[in-house]
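S.K.: Okay, sequence plus prediction incoming.
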Amino acid sequence: MLKTVELFTDGACKGNPGPGGWGVLMRYGSVEKSLCGGEANTTNNRMELMAAIAGLQALKESCHVILTTDSQYVRKGITEWIDAWKKNGCRTSAKAPVKNADLWQVLDQEQLRHQLEWRWVKGHSGHRENELADQLANQGIPL
């Protein structure tokens, strides 16, 4: 039986591109743990992806993961678009290179280790865990 872990992820950017951060609130039972980090020159979408990657990489064993994000880009990319991208050699249906392909490849590998359930929540809507992930993402932005 796999442990169920909840991950709440968010990314933030001051300017796009610009300094950015990612945040993850992890929950196993009643125990919560916070993670954050950032980069000096990045985009909001890269930070959204990094939050999901960092959360999954922090798990030491295979888990049933409920990952909640406010990013439709991340949720739809990994659940709807990625298979077509892989078939097209990391190209979109318009034959353009997939943006952030390096991070999509890492996220795709990380998700293989777990039984993943992807959820979406509207950002900045008062959802407690999403608001905490947003605060962590902003904390991760390098000064």
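M.R.: The structure has been received and is ready for your questions. Numbers count the residues shown, from 1 in each chain.
S.K.: Which secondary structure state does the residue lying closest to Q135 once chain neighbours are set aside sit in?
M.R.: Residue nearest to Q135 in three dimensions, not counting chain neighbours: G23, with 6.8 Å by Cβ to Cβ, 6 or more residues apart in numbering. Every C-beta, even on glycine, is put in place using the N, C-alpha and C of the backbone. What DSSP: H, G, I helix; E, B strand; the rest coil gives for G23 is strand.
S.K.: tally of neighbours for G23?
M.R.: If you count neighbours by other Cβ atoms under 10 Å, G23 ends up with 30.
S.K.: Centroid-nearest residue for this protein?
M.R.: Among the residues of the chain, the one closest to the centroid is A52, at 2.4 Å (Cα atoms, centre = their mean).
S.K.: Please state the offset of the longest helix along the chain from the chain centre?
M.R.: Secondary structure assigned by DSSP state H gives helix 44-57 as the longest helix of the chain. Offset of helix 44-57 from its chain centre (Cα atoms, centre = their mean, to the nearest Å): 3 Å.
S.K.: Report the next helix or strand after that helix in sequence order.
M.R.: strand 64-69 (DSSP states H and E).
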